[in-house]
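Student: make a model of this:
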Amino acid sequence: MISFSSDWLFPSYQSKEIVTALRQVHADAIYTEIQTDFGHDAFLLEAEQLGRLISNFLAHGANSA
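Tutor: Numbers count the residues shown, from 1 in each chain. Below you'll find the model as predicted:
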């Protein structure tokens, strides 16, 4: 799960709650937060950092966190 620190539509605390719920049912879940001032549009504007995180996850799985 990746969240953006300034996202008001999908705030980080909700992403953390999802990860906690997944872990409670023994699902392999990781969380990271990208620090940004771009709000909900950060997924469009932080593409380089987001791409690195996703590529690393796909290459190494949950063990990369």
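Student: any regions of this protein where pLDDT drops low?
Tutor: Residue ranges of the chain with pLDDT under 70: 62-65.
Student: for it, what spans make up the helices?
Tutor: Ranges of helices within the chain are 12-24, 42-45, 47-60, based on DSSP state H.
Student: export the ones you listed as TSV, with columns for mean neighbour count.
Tutor: Quick note: C-beta positions are derived from backbone N, CA and C, even for glycine. Below are the helices of the chain laid out as TSV (neighbours: other CB atoms under 10 Å):
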stretch	mean neighbour count
helix 12-24	13
helix 42-45	15
helix 47-60	12
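Student: dump those into CSV; add distance to Met1 as well.
Tutor: Converted to CSV, these look like this (distance: least, CB to CB, whole Å):
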stretch, distance to Met1
helix 12-24, 5
helix 42-45, 13
helix 47-60, 10
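Student: out of those, the one nearest Thr36 is which?
Tutor: Nearest to Thr36, of all the helices of the chain, is helix 42-45, at 4.5 Å by CB to CB.
Student: alright, that wraps it up for me.
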